[in-house]
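Novice: sharing a model that was predicted from the sequence below.
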Amino acid sequence: MKKNLFLFLLLSMSFFSMAQPSDAVIRKDLTNPNTIDIKFTKTTGTRQWNSSSGNWEYVRGVHIRLKSKEYPGLVVKVVGDAVYQYVGAAKYSYQKFRTGYNEWEGIPNPTDADIEKMISSDWGKFYGYMFRRIVKLNNGPTLVKDKNFTWNNPNQVLFFMKINADVIETNTIIQTVEQEYEVRLYRDNIKDPWKSFMATSGGANTKVLSTLEVTEGKMRELEKKTLAYTMAEEIALKEVAGLPELKVPDFNTGKEMADFFHDLLRNGNPELLKVAMLKTLAPHLMVDGSKTQFSWQGKEIYDKTVKEAFGGDMKYKDQYCINYYTTSLTSKSYIYIQSVIDKTVTVIGTGMYNDGYKEGVPLQKVKLVRLDVSVRQDPDAVNFLNSFSNKSKLCPND
């Protein structure tokens, strides 16, 4: 019985082997008028059971080079499998071609300058989560030379880049790593310049070369050397260099600071406001260690103030008198300035903060903690203001 079973299996294996389509048959089945050549990935294919169809399949991996119909002069390399289904009587019939991916030939790869221009347009996007962790870039980004450019279509190319960098791993650990990035460039047309990019990385693409333990104090210093921090500081310094000069005095009281900002909101502009805020904002409204970068809260205050005071048809100066009135909520630290329109108030909040030391004694300064400007743009407010034949009636004390 065992001998008969062995003989049956042997005959079955021979039967399926004889039934496999030849290289010539496969080439014929896959050839069309645009075919340039066909190459096989291996010397033979594999026989697989297809549970969906309940039948045996013969699968042969191939590379097909075709002349492109859509892009004359280009060659598309189709990588995939020729699939044959067993039809009985020691025969297989061609069923389909299962495409794995396409590559393109005849398109010049992006130059180093092209790549640099794209990825440098948004370093945060390129580095991803490591942007705020890299404290020293030892080498790169450079192309991974042993990995080719892959053209998914003429308007999208994939390649790999790598860096060597010192990165923050924990509150006390710095690692030197080699990180690989998968980068894709995109454009709208084959003749157009590159328009956008995407970069991805992950733990599987990270090679740890060394580990160093540092103190928490040292780590706080290193956090001000991350790519995110230093690049933002460089940009901010350039912006500040282009801002106008403005002398901002030391204030002794919250009222003095409120008077200063009230005048600035009436007669200044967004650029002067930025200079004043950079010099007076409380520490928590600035990026730690920077004199040129607002924190997200500080930026939110600045943006809202610019919009309210200078952005609309009605400006701050149209609704607030030179010699302003304050509401009953006003204190030494918080000044509530009443507009000429009822129930419209601007709040300027201040506080005392340490601004360094002298002979071991902390130097206290008045700092800006709140700037909440309110300017109405609604028709009723406009109609109210326009109803006055003489604007001096709005501000009789000016």
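Specialist: In hand now; what should we look at?
Novice: quick check: residue 130 is in a helix.
Specialist: Yes: assessed by DSSP: H, G, I helix; E, B strand; the rest coil, residue 130 belongs to a helix.
Novice: following the worst-scoring helix or strand of the chain on mean pLDDT, which helix or strand shows up next?
Specialist: Every helix and strand in the chain was compared by mean pLDDT, DSSP states H and E; the lowest is helix 2-19, with a mean of 47. As assigned by DSSP states H and E, the chain's next helix or strand after helix 2-19 is helix 23-30.
Novice: quick one: contacts of that next one?
Specialist: With C-beta atoms under 8 Å, 6 or more residues apart in numbering as the test, helix 23-30 has contacts from 21, 38, 40, 60, 62, 64, 82, 94, 97. Using the backbone N, CA and C atoms, a C-beta is placed for each residue, glycine as well.
Novice: and what of stretch 104-113?
Specialist: Residues from elsewhere that reach stretch 104-113 (C-beta under 8 Å, 6+ apart): 65, 68, 73-77, 118, 143, 149, 151, 153-154, 157, 159, 185, 190, 194.
Novice: output it as CSV, nothing but the C-alphas.
Specialist: Presented in CSV, the C-alpha positions along stretch 104-113 are these (Å, rounded to 0.1, in the frame of the first residue of the first chain):
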residue,chain,number,x,y,z
TRP,A,104,10.5,53.9,-15.4
GLU,A,105,13.5,54.2,-17.6
GLY,A,106,14.6,57.2,-19.7
ILE,A,107,13.8,59.8,-17.0
PRO,A,108,16.7,61.7,-15.5
ASN,A,109,17.0,61.2,-11.8
PRO,A,110,16.7,64.3,-9.7
THR,A,111,20.0,66.0,-9.1
ASP,A,112,21.6,66.6,-5.7
ALA,A,113,20.6,70.3,-6.1
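Novice: quick one: it to chain centroid distance?
Specialist: Stretch 104-113 sits 25 Å away from the centroid of its parent chain (C-alpha atoms, centre = their mean, to the nearest Å).
Novice: list the buried residues of that stretch.
Specialist: For stretch 104-113, burial by neighbour count (16 or more other C-beta atoms under 10 Å) applies to 104, 107, 110.
Novice: the last one and residue 124: what is the separation?
Specialist: This means residue 110. Separation of residue 110 from residue 124 (C-beta to C-beta, to the nearest Å) stands at 21 Å.
Novice: ok, the first one next?
Specialist: Using C-beta to C-beta, one gets 30 Å for the distance from residue 104 to residue 124.
Novice: same deal with residue 378?
Specialist: 39 Å.
Novice: those two: which is more packed in?
Specialist: Neighbours per residue, other C-beta atoms under 10 Å: of residue 378 and residue 124, the larger number sits with residue 124, 14 against 10.
Novice: which one is that one nearest to, not counting chain neighbours?
Specialist: Among residues not flanking residue 124 along the chain, residue 131 sits closest, at 4.8 Å (C-beta to C-beta, 6 or more residues apart in numbering).
Novice: what do you get for residue 268?
Specialist: Nearest non-adjacent residue to residue 268 (C-beta to C-beta, 6+ apart): residue 276, at 7.8 Å.
Novice: I figured the one you found hits residue 246, correct?
Specialist: Yes: Residue 276 is in contact with residue 246 according to C-beta atoms under 8 Å; the separation is 6.1 Å.
Novice: okay, the two: which has more neighbours?
Specialist: Between residue 276 and residue 246, residue 276 has the larger neighbour count (other C-beta under 10 Å), namely 21 against 15.
Novice: what's the helix or strand for the more buried one?
Specialist: Per DSSP H and E, residue 276 falls inside helix 270-280.
Novice: buried residues, that helix. List them.
Specialist: 272, 273, 274, 275, 276, 277, 278, 280.
Novice: what about the helix or strand following it, average pLDDT?
Specialist: Sequence-wise, the next helix or strand downstream of helix 270-280 (DSSP H and E) is helix 296-306. If you average the pLDDT over helix 296-306, you get 98.
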